[in-house]
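# build the 3D model from these lines:
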Amino acid sequence: DTGYSNDNTVAEGDVCRICRVPYGGCWLACEMPGENCPLIWGQCSHVSHMHCLLKWLGTPTSKPQCPTDRRPWGT
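Numbers count the residues shown, from 1 in each chain. Prediction:
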């Protein structure tokens, strides 16, 4: 798993680089997968659960950078 996608699709078995839960699953604070736990792609084409990324970007160590390659985060 690279967390990389250039067409906004994810392969079965790929995992969120932050929580390590498969994209078809959901972050611990979410009640169910799907619309309640959407995926978000950055300009760098890396993908994470939206809630995981928002939590990551809220930490002082994120600076806000992509958690995968440390490039500046943008959507």
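# as a whole number, average confidence for the strand or helix carrying Leu53?
Using DSSP states H and E, Leu53 falls within helix 50-57. Mean pLDDT, computed over helix 50-57, is 87.
# for that helix, what is the distance to the chain centroid?
Relative to the centre of its chain, helix 50-57 is centred 7 Å away, using C-alpha atoms, centre = their mean, to the nearest Å.
# same thing with stretch 52-70?
On C-alpha atoms, centre = their mean, the centre of stretch 52-70 falls 10 Å from the chain's centre.
# surely Pro72 is in contact with Ser62?
No: Pro72 lies out of contact with Ser62 (C-beta atoms under 8 Å); the separation is 10.5 Å. (Each C-beta comes from the backbone N, C-alpha and C, glycine too.)
# can you tell me the centre-most residue of the chain?
In the chain, the residue lying closest to the centroid (C-alpha atoms, centre = their mean) is Ser48, at 0.9 Å.
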